[in-house]
Structures are given as structure tokens and as C-alpha cells.
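A.B. asks: make a model of this:
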Amino acid sequence: MPKKEKKEMSSELETLLGLFNVNAALSDRVPHFCDKMTVEKTNRIRSEFLNYLENGWLGEKDFYDSTACSARNEETARQFFKDVYAYAFEGGEEPNVRDY
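C.D. replies: Numbers count the residues shown, from 1 in each chain. The predicted model follows:
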């Protein structure tokens with residue numbers, strides 16, 4: 001089965017991930033960011049994020065782009081994004097960039 005083509009990331013998802021930039025330190029605002037969106041927009045971003053996770057499109061480069069830090073490796077970078085997804089949409093714990 002051919003792999004899906006990676007689409008350009010929406011500005012909303014970029015903003016969500018950018019809240020983890022260590023120079024801005026705004027990750028505690030993720031719940032507020034998600035709460036102020038309409039249900040439709042939240043579902044669209046959630047679906048887009050899940051699509052990126054399922055297709056393995058988020059890795060070390062994206063980790064650096066989002067956080068301004070280097071991940072230990074590709075696996076920890078991917079785990080970071082899974083944890084961000086859980087934090088933003090499933091009531092998970094806030095990920096600490098330094099753990100990755």
C-alpha cells in the first residue's frame with residue numbers, strides 16, 4: 001500500500017506545536033489554546049495531528065522546529081509528539097521538552 005503524501009501543516013497545528021518552543025515557554029497555554037477553538041476546528045486539528053503521527057511525519061527536525069532544542073534521537077522525538085497529542089486532546093500530562 002503506497003504511503004500517503006505529506007500535506008503542508010496547518011497554521012493552527014504549527015501554532016499548537018510552537019507553544020513548546022523553550023524560548024517562549026508557553027506549553028501551559030495548550031489547554032486554553034484548544035478550549036478557545038470551535039469543536040469543528042478542534043476536530044480538524046486533532047485529525048490532522050493524528051494523521052501526522054500515524055504516517056510518521058513528525059520526527060527530529062520537527063522537534064527542533066517546534067521546540068528550538070535537539071531531541072536525543074528520532075524515537076524520543078516521535079514520543080514527544082505523541083505526548084503532545086495526548087496532552088492537547090486526551091487530558092494527558094504536559095510534556096517537558098528536556099525529557100526528550
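A.B. asks: got the contact list for the closest residue to Gly56 other than its chain neighbours?
C.D. replies: Distance criterion C-beta to C-beta, 6 or more residues apart in numbering; nearest residue to Gly56, sequence neighbours excluded, is Arg78 at 7.3 Å. No exception for glycine: its C-beta is placed from N, CA and C like everyone else's. Residues near Arg78 by C-beta atoms under 8 Å, 6 or more residues apart in numbering: 53, 56, 58-59.
A.B. asks: over to Ala86?
C.D. replies: Taking C-beta under 8 Å, 6+ apart as the test, what Ala86 contacts is 92-93.
A.B. asks: let's see 10 Å
C.D. replies: By C-beta atoms under 10 Å, 6 or more residues apart in numbering, Ala86 lies in contact with 92-95.
A.B. asks: so which bits of stretch 34-46 are buried?
C.D. replies: 34, 42, 45-46 (16 or more other C-beta atoms under 10 Å).
A.B. asks: let me fix that: stretch 67-74
C.D. replies: Applying 16+ other C-beta under 10 Å to stretch 67-74 flags 67, 71 as buried.
A.B. asks: which residues touch the lowest-mean-pLDDT helix or strand in the chain?
C.D. replies: None of the helices or strands of the chain scores lower by mean pLDDT, DSSP states H and E than helix 30-35, at a mean of 90. By C-beta under 10 Å, 6+ apart, the surrounding residues in contact with helix 30-35 are 12, 15-17, 19-20, 26-27, 41-42, 45-46, 84, 87-89, 91, 94-95.
A.B. asks: rerun that using 8 Å as the cut-off
C.D. replies: In contact with helix 30-35 (C-beta under 8 Å, 6+ apart) are residues 15-16, 19, 42, 84, 87-89, 94.
A.B. asks: as a markdown table, those residues with distance to Lys4 would be great.
C.D. replies: Shown next, in a markdown table, are those (distance: C-beta to C-beta, whole Å):
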| residue | distance to Lys4 |
| --- | --- |
| Thr15 | 23 |
| Leu16 | 21 |
| Leu19 | 26 |
| Thr42 | 22 |
| Val84 | 21 |
| Tyr87 | 25 |
| Ala88 | 22 |
| Phe89 | 21 |
| Glu94 | 30 |
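A.B. asks: between all of the residues you listed, which two are separated the most?
C.D. replies: Farthest pair in the contacts of helix 30-35 (C-beta to C-beta) is Thr42 and Glu94. Separation: 18.0 Å.
A.B. asks: fine, thanks again, bye for now.
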